[in-house]
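Q: Take a look and give me a structure for this.
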Amino acid sequence: MSRPQRLIELLAALQAHPRTTAEALAEELGVSTRTVLRDVRALVDAGIPVLTERGKYGGISLLPGDQVDLAKLTTGEADLLRAVGLDLDRARQLGGEAAARSALRKLTSRRSPPPARDDLPLALTDVIAIDNRPWFEEAAPLPDVAGLVRDVRTGRRLRILYRRSGATEARDLVVDPYGLAQRGGRWYLVADHDGRPRMFALSRLQRWTVLDGARRLRPGADLVGTARELGEALESEGRVVVTARVDAGSLDLARRILGARLRTAGEPGADGRVEVTVAYDRIDAVRQLLQFSEHIEVVAPREARELVRRLAAGVARTHAG
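A: The predicted structure is shown next:
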């Protein structure tokens, strides 16, 4: 793949993946990470709003919005960019300067001539700050992620020592790994266990060993599809829907903390409270709502309300002395 064509493919990949990494782009395009970073720099220099963030929570993404859209290009403009990339001099040599400038204007949303050199806009990094760390928590220590990736790439089964959320003891499990996925700033091992897909948080993965047997994946299943399937199930198929009433002033905080679990939120009533519904996969997860203390009242189901009452009474007893 030539560099001009690669730049367009890179832009298409960034459109398809709202947030990704240089390593993932390098694998998709079949080039080195260094080449991806050099090509990203070329897109930025051309005025295309690509954001790069360093560090553990870093990544590469297009600035959200509709200003960068390859679908805006005519067939001729797209073909020309695949031939010359972002090189206007080369486009001029081929007699396509006007088409190339038109294509770049569409990709950078420039509706007027570029500003004079002393009136250039501020750099994106001067006006945008992004921190992808989760709210209200420190990053949990992780195992050797690179080592786990290396072992998953052998295509063999793994024996893992894993502690489920809320459990006190870890268990030995034999799993068939698809790979690793990152979501919401957290890493997960995506694997089949007893023929069913699961996501194992790396923060609770204590150790693993590679077994002799080849992994046994479900027919037709892959990493991307399985991770998406599990994520959508977690967000949309909560088995317990809790109705609660929240102080209107705490609603924004509730949205931040509860995320996709917060299904609906009504309008504030005369008492200044908003009725919300929250979805959980099990009834005891309702204990998460205790952090809102007196600013929330669990209304239904009865089992959830009773559990919150018992938990709150236990907290009161603990602090009575």
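
Q: low pLDDT regions in the stretch 101-250 of the chain?
A: Low-confidence segments of the stretch 101-250 of the chain (pLDDT under 70): 104-140, 184-185, 234-238.

Q: What ranges does it have for its strands?
A: For the stretch 101-250 of the chain, strands defined by DSSP state E, counting those that start in this stretch occupy the ranges 156-162, 171-183, 186-193, 196-201, 205-214, 240-247.

Q: Which one, of those strands, ends up nearest to Thr20?
A: For the strands of the stretch 101-250 of the chain, the distance to Thr20 is smallest for strand 171-183, at 9.9 Å, taking Cβ to Cβ. Where you see a C-beta, it was placed from the backbone N, CA and C, and this is true even at glycine.

Q: in the closest one, what counts as buried?
A: When burial is assessed from 16 or more other Cβ atoms under 10 Å, strand 171-183 yields the following buried residues: Leu173, Val175, Asp176, Pro177, Tyr178, Gly179, Leu180, Ala181, Gln182.

Q: Equivalent analysis for stretch 186-195, please.
A: For stretch 186-195, the neighbour count (16+ other Cβ under 10 Å) marks Trp187, Tyr188, Leu189, Val190, Ala191, Asp192 as buried.

Q: So for Leu73, which of the strands of the stretch 101-250 of the chain sits nearest?
A: Taking Cβ to Cβ as the criterion, strand 171-183 is the member of those that comes nearest to Leu73, at 31.4 Å.

Q: one step back: which of the buried residues of stretch 186-195 lies closest to Leu51?
A: Looking at those and their distance to Leu51, the nearest is Trp187, at 21.2 Å (Cβ to Cβ).

Q: Skip the chain neighbours and tell me the closest residue to that closest one.
A: Leu202 (4.3 Å; Cβ to Cβ, 6 or more residues apart in numbering).

Q: can you pull the contacts of that neighbour?
A: Contact criterion Cβ atoms under 8 Å, 6 or more residues apart in numbering gives Leu142, Pro143, Val145, Leu148, Leu180, Arg186, Trp187, Tyr188, Leu189 as the residues in contact with Leu202.

Q: Repeat that for Arg156.
A: For Arg156, the contact set (Cβ under 8 Å, 6+ apart) comprises Val210, Leu211, Asp212, Gly213, Ala214, Arg215.

Q: change it to 10 Å
A: Applying Cβ atoms under 10 Å, 6 or more residues apart in numbering, we find Arg156 in contact with Asp176, Pro177, Thr209, Val210, Leu211, Asp212, Gly213, Ala214, Arg215.

Q: is it possible to export those to TSV including distance to Ser32?
A: TSV is the format used below for the contacts of Arg156 (distance: Cβ to Cβ, whole Å):
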residue	distance to Ser32
Asp176	30
Pro177	26
Thr209	31
Val210	27
Leu211	32
Asp212	33
Gly213	33
Ala214	29
Arg215	28
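
Q: Quick one: which of these is the most crowded by neighbours?
A: Neighbour tally across the contacts of Arg156 (other Cβ atoms under 10 Å): the maximum, 25 neighbours, falls on Pro177.

Q: what pairs with the nearest residue in space to that one that is not next to it in sequence across the strands?
A: Across the structure, with Cβ to Cβ, 6+ apart as the measure, the residue nearest Pro177 apart from its sequence neighbours is Ala191 (4.3 Å). Taking DSSP bridges, one obtains Pro177, Arg198 as the residues bridged to Ala191.

Q: wouldn't Ala191 be in contact with Met199 here?
A: Yes: contact between Ala191 and Met199 holds when scored by Cβ atoms under 10 Å: they sit 8.2 Å apart.

Q: Can you pull the residues that touch both of those two?
A: Common neighbours of Ala191 and Met199 are listed as Tyr178, Thr226 (criterion: Cβ under 10 Å, 6+ apart).

Q: just to revisit the earlier point, pick the one among the buried residues of strand 171-183 closest to Leu29.
A: The closest of the buried residues of strand 171-183, once distances to Leu29 are taken by Cβ to Cβ, is Gly179, at 18.4 Å.

Q: I am finished for the moment; much appreciated.
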